[in-house]
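> Build the 3D model from these lines:
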Amino acid sequence: MHCLLSVPISTVNLFLQSCSISIRNNCMAFKLLLWISIFLVFYIYVGYTIILFILSKIIAKEKATTELKTEELPAVTLFIAAWNELDSIADKVKNSLGIDYPADKLSILWVTDGSDDGTPDLLRNYPQMTVLHEPGRNGKIGAINRGMKYVKTPLVVFCDANTFLNKYAIKEIVKSFSDDRVGCVAGEKRIFSFEIDSASGSGEGFYWKMESFIKKTESKLGSTVGAAGELFAIRTELFNSG
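Numbering: from 1, shown residues only. Modelled structure (predicted):
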């Protein structure tokens with residue numbers, strides 16, 4: 001026995017209208033989500049930089065830096081945390097010793113904890129440098145926390161073993177500390193591009209040029225929000241190992 005059910009046309013129309021409204025609402029929600037996503041991507045990669053640039057032209061003021069005489073230069077520690085960096089040591093040592101800064105005001109401190117490739121043994125051939133070494137490896141942060149106990153200068157510049165400094169880099173860095181409100185100075189990172197990896201090197205180089213531009217512009221507006229770990233400086237008194 002079969003039963004036939006009849007459904008009023010008005011009910012069918014109402015159901016179809018509800019489906020149509022639901023589909024339209026879903027489409028609108030999807031479009032809204034799509035445009036929000038596009039806006040966020042644009043803002044992160046382009047918009048934020050454009051806004052910074054415009055604000056810097058309207059309200060920012062160039063920060064005057066004081067050219068310090070030799071006798072006015074503060075004592076500085078160049079702090080290098082390294083792990084198995086034997087291939088970079090010779091070039092890094094040459095670069096560090098070639099920095100234009102009074103020798104009696106520049107201390108060079110290496111922490112090589114965990115290195116087992118001969119890095120600490122090679123560094124001990126340079127009496128101008130202090131080398132701290134323990135067999136155990138506790139990572140870069142662990143090396144910094146341990147090494148900071150030996151820093152006696154008011155300023156400390158953190159640098160990686162494979163990062164090479166401009167001859168006048170430290171003099172340029174300490175200029176900014178003439179302003180008592182400055183607690184940290186970020187270095188400008190540039191990428192050496194070799195022919196074998198020119199494509200990737202150029203891309204990375206462009207990225208860091210943009211990063212440097214953003215940091216400089218942020219600084220004009222008050223303060224940059226970050227610094228590359230390869231090169232930055234702080235007032236020693238502000239360091240907190242916790």
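> what are the ranges of the strands in the chain?
Ranges of strands within the chain are 76-81, 106-111, 129-132, 155-160, 184-186, 231-235, based on DSSP state E.
> by contact count, what packs against the second one?
The one in question is strand 106-111. Here strand 106-111 touches strand 76-81, strand 129-132, helix 139-147, going by 3 or more CB pairs under 8 Å, 6 or more residues apart in numbering; DSSP states H and E. From N, CA and C alone the C-beta is placed, and that goes for glycine too.
> could these go into CSV alongside distance to Lys216 and mean neighbour count?
As requested, those are exported to CSV (distance: least, CB to CB, whole Å; neighbours: other CB atoms under 10 Å):
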stretch, distance to Lys216, mean neighbour count
strand 76-81, 22, 24
strand 129-132, 32, 17
helix 139-147, 26, 17
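> Out of these, which gets nearest to Pro120?
Among these, strand 129-132 comes nearest to Pro120, with 5.6 Å by CB to CB.
> before we move on, back to that, so which of the strands of the chain gets nearest Asn166?
Among those, the nearest to Asn166 by CB to CB is strand 231-235 (9.9 Å).
> hmm, who's touching that closest one?
76, 154-160, 163, 165, 169, 173-174, 177, 183-189 (CB atoms under 8 Å, 6 or more residues apart in numbering).
> Any of these buried? List them.
Among the contacts of strand 231-235, those buried by neighbour count (16 or more other CB atoms under 10 Å) are 76, 155-160, 163, 165, 169, 173-174, 177, 185-189.
> tell me how far the ends of stretch 118-136 are from each other?
Length of stretch 118-136, first residue to last, CA to CA, to the nearest Å: 15 Å.
> got the buried residues for it?
So, applying 16+ other CB under 10 Å, buried residues of stretch 118-136: 119-120, 122-123, 129-133.
> Please apply the same query to stretch 91-102.
Neighbour count says stretch 91-102 has 92-93, 95-96, 99, 101 buried, by 16+ other CB under 10 Å.
> Give me the domain ranges for the protein.
10-59, 70-187+227-238 (automatic domain parsing).
> With Phe213 as the reference, name the closest of the ones you listed.
Closest approach to Phe213 among the domains of the chain (CB to CB): domain 10-59, 7.3 Å.
> between the helices and strands packed on strand 106-111, which one is nearest to Lys69?
strand 76-81 (15.6 Å).
> The closest residue to Leu86 other than its chain neighbours: neighbour count?
Among residues not flanking Leu86 along the chain, Asp117 sits closest, at 4.5 Å (CB to CB, 6 or more residues apart in numbering). The local packing of Asp117 (other CB atoms under 10 Å) involves 14 other residues.
> By mean pLDDT, point me to the weakest helix or strand of this protein.
Lowest mean confidence among the helices and strands of the chain (mean pLDDT, DSSP states H and E): helix 198-220, at a mean of 64.
> Pull the residues that contact stretch 165-172.
By CB under 8 Å, 6+ apart, stretch 165-172 touches 68, 73, 76, 78, 95-96, 98-101, 106, 157, 159, 187, 231.
> I'd like to know how far Ser114 sits from Asn84.
In this structure residue 114 is Gly, not Ser. Gly114 sits 8 Å away from Asn84, taking CB to CB, to the nearest Å as the criterion.
> quick one, which of the two is more surrounded?
Set side by side, Gly114 and Asn84 show more neighbours around Gly114, with 19 against 15, by other CB under 10 Å.
> any idea how far the more buried one lies from Leu86?
Gly114 is 13 Å from Leu86, by CB to CB.
> Next: Ser176.
Counting by CB to CB, the gap from Ser176 to Leu86 is 34 Å.
> cool, Phe164 as well?
Phe164 sits at a distance of 16 Å from Leu86 (criterion: CB to CB).
> Also Phe158?
21 Å.
> again with Pro74
For Pro74 relative to Leu86 (CB to CB), the value is 32 Å.
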